[in-house]
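structure for the following, please:
(one chain, ligands or ions: 1)
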Amino acid sequence: MESCKFDEFSQDSETLITGVSSSGVLNWDKKDPLEIDPQNLMVETALNEDFKDSQMNEVQECTGDSMVCDSNSKLISSGFSKLCCSEDIVTFVNAGCEAASQAESGVEFSADAQYEGGDVIRTDESITDGGDYPFIYQSARFGNFMYQFNSLPPGDYFVELHFAEIMYTYGPKGMRVFNVLSDFDIFAVAGANKPLQLVESRVLVKEDGMIQIRFEGVHGCPLVSGICIRRAPKLADPQVTLENVRCQNCAAEIEVPLAQVKREKSTAKYEKKIEELSQQCHRKTDECYQAWMSLTAANEQLEKVRMELDNRLFQTYSLDQNLEKQAEKLKDISNRYEHDKKFWMTAVSGLEEKIKNMKKEHAQLAHDAHECADSIPELTNMLLSARNSSRRNIRVFCRCRPPSKKEQSVGYATVVDFDGAQDGELAILNGGTNKKVFKFDRVYTPKDDQVDVFADASPMATSVLDGFNVCIFAYGQTGTGKTFTMEGTEQNRGVNYRTLEKLFEIAQERSDTFTYDISVSVLEVYNEQIRDLLSISSTSKKLEIKQASEGSHHVPGIVEAKVDNTKQVWEVLRAGSNARAVGSNNVNEHSSRSHCMLSILVKAKNLINGECTKSKLWLVDLAGSERLAKTDVQGDRLKEAQNINRSLSALGDVIAALANKSSHIPYRNSKLTHLLQDSLGGDSKTLMFVQISPSEHDVGETLSSLNFASRVRGVELAPARKQIDTSELQKTKMLDLEEQLGSKAASHSQTEKQLLQLQERLKAREETCSSLQLKIKELENKLREEQQIDSAALQQVRELEKKLKEQVQESEAYSLALQQKIKELEQKLEQERDTESSLLHQKVKELEEKVKDQERQLEQRVLRPMDCAEVATAATPVGGRPPLKDEAMAEADPYILRSSNSSNRMSNASMLSRKSEFHAENRRKREFRSGETENQMPAPAALHDKKIRKSDPPKPYSRVTKTTVSRPVAAAQRPLGHSRVTREKDTKKRMWC
Ligand SMILES: Nc1ncnc2c1ncn2[C@@H]1O[C@H](COP(=O)(O)OP(=O)(O)OP(=O)(O)O)[C@@H](O)[C@H]1O
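Residues are numbered from 1 along each chain as shown. From the prediction side, this is the model:
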């Protein structure tokens, strides 16, 4: 504890007292006594922490009464905020200045009270009251605590409290309120971090001389800088009108003031009304509680609906996303489809254009074909003319074999001159200079091989495939090489095999436009009998030549072996050759005496125009043509020779008839000519090989053969060789045209096929697209339905919200109206009470004085038992009035406080009792409902939590927050600020209280 002196003091200046002090004593001695104008009273204060530096901190204006101090008066300063000057005040001190205060205070300051969780009041000092004015001080911090002031003279006092600071913080340990003088809410009056001044709270000190000031629910660091207790001014004694009231116990009449009676009646009336209103309030509270519960349930339901809505929204969102993905896919597919469609449309249009062009070309080709077809008659005529000319044109090729070994060994001279062979001329030297020249279409020397021979014969194969009947035969003396030319050997194949080989070769080349069916028959004519060399039948059935309806000749029952390739041909030829040898001891002799005839039947079909042809090729190896005169033969040999000569003569006759253009051609004179009828003459082509021997020994036969051949050639040698070529050219041209047409037709059919495929693909794409469009529509419908369901749910929720809002508003309005009513009634009642109580108080005092006097008088008398009437009489003061009821009650209640602000005096004990019971009951209900103390209001976040907790019913008072009720969802999403909610709650609490 330190003391400081005032540096200066000047009443003229505004600053009356200056100095530096902290937890110390301020002395001033400038004036004695110091009269200070309260309007100018200023006190400088310094805080404890700043004392050492002697820094001036705050100057606070004093707004109290005037202050009178002597020169030795001390002013204590330690962060105190006010110096209050009044004639009734002794001093006013701050916390921590016990010594100085004690010295001047005569009031016993008890500190036996201890509140749970609070500080012990550090006032075990006993302060003697040195004057009329008690002086107390104390400082305290934290928790619940209580001041108790003892040894005060009974009477009315004003209590004045000053707080240097009210510190509090937000957060878990935050404090907001503490009670002073019962339920008074300091915080509500002062606000945060502001010095508090509680002035002129009236309090009644009774016989026990004690004032208790409770601080409850203090959280934080409030610093009580000073407490002033001073006597309250005496109230004027009002004029009292008395009225007799009968005692309910003893039926004695007691005189009581009329105002008091009226007041009691009025009080009773208002109490009843208050009771009713309280009950109504309770009912409304219960209703509100029920409404709150239903609101909570509705909130829960709302929450569920919201959750469901959220889920639905999430599902919708998921569906939306899926739909978007599907839509994107569909879009891609659609784009691709459009792209493909364009591509294919372009392709189709291109193809259509191509088809159009091709149709044009086709039409052109068809036109050309028609022209060709039209020209066919001309061509046919040309061919006919060519054929007509060919009827007279039988080609003759002459072939001379090499001299045999025998001839060479004997030394026969060669009689054949081949000097003109290149020109088809052949000369036979017939003794000396006699030389006979023959001219043929071709002359083959012994040096010419099979290939050379067939090179000239191969066009015949083409003619057969073109549909002409052809006959190739070899004529000549025995042993001149007929068989060699026609059959050949395995190593050196002859005309037969090579012609067939050529047939297949050409057929293969024409396979696109022609189909060929080739079959082979092998016959032998011996002694004017036909023998089927391919027949495997053992019985030799006699074969006859028949003429078919169309005019062609054939041998019924003959084997026609179908051949598809040269290998089969060779097998057939070998089979025929083998069969020819059967039954003959001398193969060579037999072959010389029979005609070996190979018949090849060709059935052709033109794939373009559908034309079918059936042609026949005869390859004939005739029997030897030697003259009978030369050989001296008899018997069968003679017969054989005669038959051979007859058949050869018949052949000569036919040729002669053909040469002479005879109307009758004697084909039927022999089997040979009969068989060859279709291919010899007429519209057929004939090629004759005349085989000769080079030897002088055979010169006669050679000349005979050559003469016969010359006759034949005389028929056949024609100048119209070019015409034959022309017809071939025309045919080739026509073939080319047909080939072109065929390829175009094939290309056309291919294009049409492609077009069909494209159309099918396009159709499939269109089907896919339409199915996808259907799917999109289905999904869109589904989404629309979902949205409709959601909107319906939302509408339901909104209606529910609206209903709840209306309910809450109604409840609030009704509660507010009730509260207003209660407040008005209470104010009215309090006003009346105040008026009456002051009067009564005065009267009671007077009565007490009188009672005392009477007691003193009575003590002097002899004591005797008194009945009730006497007591009443004795207690009656001068006017004979009995003691007032509220006096006794006031004495019974040591906690009666009076406040100058409210002028509230609780003189009626029953009233206080009922009120306290009412408050206690309310508190119990609140505690029961909320499970919390009134001062520990739930934080908004906690309130929000409670809203969604079913098992934790809300507090009836704190729940009436508009924000929570009217906007449950929004409140849940955006909790209010702590201070705002707290103040709202406080305001409402106060309203409810
Ligand atoms: N151009 C030739 N080159 C070589 N040898 C040949 C030629 N022509 C014939 N020969 C041979 O002469 C012989 C007689 O020939 P080949 O049998 O073919 O005569 P041919 O006229 O058929 O007799 P035949 O009337 O008796 O059947 C055979 O050995 C044959 O090989």
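
and the host helix or strand of residue 746, what does it pack against?
Using DSSP states H and E, residue 746 maps to helix 721-860. Secondary structure elements in contact with helix 721-860, counted by 3 or more C-beta pairs under 8 Å, 6 or more residues apart in numbering; DSSP states H and E, are strand 253-257, helix 258-391, helix 868-875, helix 885-892, strand 904-905, helix 962-966, helix 968-973, helix 978-992. No exception for glycine: its C-beta is placed from N, CA and C like everyone else's.

what sits closest to residue 502 if chain neighbours are left out?
Spatially, and ignoring its direct neighbours in sequence, residue 502 is nearest to residue 461 (3.9 Å; C-beta to C-beta, 6 or more residues apart in numbering).

then residue 600?
Spatial nearest neighbour of residue 600, excluding adjacent residues (C-beta to C-beta, 6+ apart): residue 617 at 4.2 Å.

you'd agree that neighbour is in a helix?
No. Under DSSP: H, G, I helix; E, B strand; the rest coil, residue 617 sits outside any helix and is assigned strand.

isn't it up against residue 602?
Yes. Taking contacts as C-beta atoms under 8 Å, residue 617 lies within contact range of residue 602: 6.9 Å.

the more surrounded of those two?
residue 617 (28 against 23; other C-beta atoms under 10 Å).

quick check: pLDDT value at that one.
Reported pLDDT at residue 617 in the predicted model: 91.

point me to the helix or strand that includes residue 464.
Counting by DSSP H and E, the element that carries residue 464 is helix 450-465.

for the stretch 551-700 of the chain, just list every one of the helices.
Taking DSSP state H, counting those that start in this stretch to define them, one finds helices in the stretch 551-700 of the chain at 566-581, 587-593, 635-659, 671-675, 699-716.

follow-up on the earlier one: who touches both of residue 617 and residue 602?
Counting by C-beta atoms under 8 Å, 6 or more residues apart in numbering, the shared contacts of residue 617 and residue 602 are 464, 503.

quick check, residue 488 in contact with residue 494.
Yes. Here residue 488 reaches residue 494: they are 2.9 Å apart, a contact under C-beta under 8 Å.

adding mean pLDDT, write the helices of the stretch 551-700 of the chain out as TSV.
Converted to TSV, those look like this (pLDDT from 0 to 100):
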stretch	mean pLDDT
helix 566-581	83
helix 587-593	68
helix 635-659	83
helix 671-675	91
helix 699-716	85
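
of all these, which one is nearest the ligand?
With C-beta to the nearest ligand atom, the closest approach to the ligand among these belongs to helix 587-593: 2.8 Å.

rewinding a little: please list all residues in contact with the residue nearest to residue 600.
460-461, 464, 469-472, 499, 503, 599-600, 602, 679 are the contacts of residue 617 under C-beta under 8 Å, 6+ apart.

at 7 Å what do you get?
With contacts defined as C-beta atoms under 7 Å, 6 or more residues apart in numbering, the neighbours of residue 617 are 464, 470, 600, 602.

of the residues you listed, which is the nearest to residue 343?
residue 602 (51.2 Å; C-beta to C-beta).

got the contact list for that closest one?
Neighbour list for residue 602: 464, 465, 516, 518, 615, 617 [criterion: C-beta under 7 Å, 6+ apart].

and the gap between residue 853 and the ligand?
Plainly put, residue 853 is 197 Å away from the ligand if you go by C-beta to the nearest ligand atom, to the nearest Å.

just the closest residue of the stretch 351-500 of the chain to the ligand, please.
For the stretch 351-500 of the chain, C-beta to the nearest ligand atom, closest residue to the ligand: residue 481, 2.4 Å.

so that residue touches residue 401, yeah?
Yes. Taking contacts as C-beta atoms under 7 Å, residue 481 lies within contact range of residue 401: 3.9 Å.

need the residues touching each of those two.
Both residue 481 and residue 401 are in contact with residue 691, where contact means C-beta under 7 Å, 6+ apart.

quick one on the thing from earlier: higher neighbour count, residue 488 and residue 494?
Ranked by neighbour count (other C-beta under 10 Å), residue 488 and residue 494 place residue 494 first, with 25 against 19.

pull the contacting residues for the more buried one.
By C-beta under 7 Å, 6+ apart, residue 494 lies in contact with 450, 484, 485, 486, 487, 488.

8 Å - rerun?
Counted by C-beta under 8 Å, 6+ apart, residue 494 has contacts 450, 454, 483, 484, 485, 486, 487, 488.

the third one in helix, strand or coil?
For residue 483, the secondary-structure state derived from three-state DSSP is helix.
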